[in-house]
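Peer 1: Here is my input, please return the structure:
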Amino acid sequence: MTPLFLRRAVLAAAAALPLAMAPLASAAQETTAIKFVLDWKLQGVHAWYFLAQDRGYFAQEKIDLTIDQGDGSATAVTKVMAGTYQAAFGDINAIVQNAAARPGQAPVMVYMVYNRAPFALMTKAGSGIKTLKDLEGKTLGSPAGGAAMKMFPLLAEKNGVDAAKVKWTNMAPNLQEQMLLQGQVDASAVFSVTSYMNLAAQRLDPDKDIRWFHYADLGIDLYGNGVMVSPQLLKDRPQAVAGLVRAVNKGLRDAVADPDAAIEALAKREPLVNKEMEKRRLLYALRTVVLTPEAAEAGVGDVKDERLQRAIDQLDAAFGLPRKPAPAEVFDRRFLPPAAERKLALK
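Peer 2: Numbering: from 1, shown residues only. Here you go, the predicted model:
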C-alpha cells in the first residue's frame, strides 16, 4: 500500500470511530426500567428500598425502579415468572419449588435479606396447643399466598405431625391476627416480623400473650426472603442486576445506620403508617432474621452453599420435587458487592 493510500485509510478509520462508538456510549447511558414487587403490604421491613430510592441509589445505577406492594412472598415468585415483574422481594424456597418443576424459568435470588426464614406458627398462650402434635385436628389460618403455610408440610414431616389432619382456612392478610384472637382459627401460619408487631399494635404482649413455634427452632433451617430477578433480566441486563443489588445493599446499610430516616422514607409512600410501630418492626426484623451470626461472618446478601443444599434436600423430602435444582440455579452471588460493604451491625 502506498503512503497516500495508507494515510487515506487511517483518516477514514478515524472518521468512522466516533460513529462506531456512538451505539456503545448510548447503551452505557441507557436507563433500565424495572418493575419490582414486594412480598406484602408496605411495612417497616420494606423501608430500605424506599430509602435507597429517595437517596438516588437506583438512579445512580441507571435504574428506573417501580415498587409495588405484594400479597405473599411465594406469590412474588409467580408474578416474576408470569412476566408482570422483572424483580421481587420474595421467598427463595418458592424459587426452589418452581425451579424444580420448570428449569430455567424460575427467578434467581441475587441478594439474600432474611438469613433466617421468619416462618412461624402462633397460637394464644392459653390455648391447648402446647406442642406441634397438638395441631392435629385443629384449624390453621393463612393468606392464600403465605409462604409459612406452603412450608408447613415440611415442618410437619420433620416433627412427626400428620399434615392431613390439619384443616386450613384462608383469610385476608390484615385479618390474620384478629381471626386468631377471636377464636375463628386455632393457630396461624405467619411471618414473625409481620405478626409480632401487628399484635403489639393491638396492645398485646407478643411474648406473653402468644405461644410461638418458629420453624427455624424446629429443624427447618431455611433461608427466607431476598431480592430475585427474572432469568430474562439476568441474561439481557446483567449490569442492571448488579446495579440493583448495589443500590439495595446501600439502602439496607443506611437503614441499619439510621432507622428513623428509613421509616420517614416509608411514610412518604404510606402517610397513615404508624412510624413508631414500623420502626420497632424494622428493628425486630434486623435483629432476628437479617443480622444473624452467619450474616456477620459472610456479609448480608450471601448464603452458604452447603446450608442451601440442605434446605433443598429438606424441601425435596417434604414435597417430592420432580428434580433437585443445584444451589447455583436458585442463587447467584456474582453481583454481590465486596463483603466489607455488606457487613452491617446495629449501633
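
Peer 1: now the strands for the stretch 101-250 of the chain?
Peer 2: 108-112, 119-124, 139-142, 167-170, 187-191, 210-214, 225-229 (DSSP state E, counting those that start in this stretch).

Peer 1: Minimum distance to Lys324: which of these has it?
Peer 2: strand 108-112 (16.2 Å; C-beta to C-beta). Glycine gets a C-beta too; all of them are placed from N, C-alpha and C.

Peer 1: what's the closest one in contact with?
Peer 2: Strand 108-112 is contacted by residues 92, 95, 223-224, 226-229, 231, 234, 241, 244-245, 248-249, 300-303, 329-333, 335-336 when judged by C-beta atoms under 8 Å, 6 or more residues apart in numbering.

Peer 1: For ChimeraX, write the selection for the buried entries among these.
Peer 2: Buried members of the contacts of strand 108-112, defined by 16 or more other C-beta atoms under 10 Å, are picked up in ChimeraX with:
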select :92,95,223,224,226,227,228,229,234,241,244,245,248,249,300,301,302,303,329,330,331,332,333,335,336
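
Peer 1: Out of the contacts of strand 108-112, list just those in helices.
Peer 2: Ile92, Ile95, Pro231, Leu234, Val241, Leu244, Val245, Val248, Asn249, Glu329, Val330 (DSSP state H).

Peer 1: May I ask you to confirm that the last one is in contact with Ala94?
Peer 2: No. Counting by C-beta atoms under 8 Å, Val330 stays clear of Ala94, with 9.9 Å between them.

Peer 1: got any residues that touch both of the two?
Peer 2: Contacts common to Val330 and Ala94, judged by C-beta under 8 Å, 6+ apart, are absent.

Peer 1: thinking Leu199 is in contact with Ile210, fair?
Peer 2: Yes. Contact criterion C-beta under 8 Å: Leu199 and Ile210 qualify, at 6.2 Å.

Peer 1: Mind listing residues that contact the helix or strand hosting Lys79?
Peer 2: Per DSSP states H and E, Lys79 falls inside helix 73-81. Here helix 73-81 makes contact (C-beta under 8 Å, 6+ apart) with 37-40, 70, 85-91, 93-95, 98, 102, 105-107, 145-147, 150, 191, 224-225, 228-230.

Peer 1: List the contacts of stretch 338-347.
Peer 2: With C-beta under 8 Å, 6+ apart as the criterion, stretch 338-347 contacts 249, 252-253, 256-257, 283, 286-287, 291, 295-296, 298-302, 336.

Peer 1: go with 7 Å
Peer 2: Stretch 338-347 is contacted from outside by Asn249, Leu252, Arg253, Val256, Leu286, Leu291, Ala296, Ala298, Gly299, Val300, Gly301, Leu336, using C-beta atoms under 7 Å, 6 or more residues apart in numbering.

Peer 1: so the first one makes contact with Gly301?
Peer 2: Yes. In this structure, Asn249 sits in contact with Gly301. The criterion is C-beta atoms under 7 Å, and the distance is 6.2 Å.

Peer 1: May I have the helix holding Lys79 exported as CSV, CA atoms only?
Peer 2: Extracted C-alpha coordinates of helix 73-81, given in CSV (Å, rounded to 0.1, in the frame of the first residue of the first chain):
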residue,chain,number,x,y,z
SER,A,73,-43.7,-13.9,49.5
ALA,A,74,-44.4,-17.1,47.5
THR,A,75,-46.8,-15.3,45.2
ALA,A,76,-44.0,-12.8,44.4
VAL,A,77,-42.1,-15.6,42.6
THR,A,78,-45.0,-16.5,40.4
LYS,A,79,-45.5,-12.8,39.5
VAL,A,80,-42.0,-12.6,38.2
MET,A,81,-42.4,-15.9,36.3
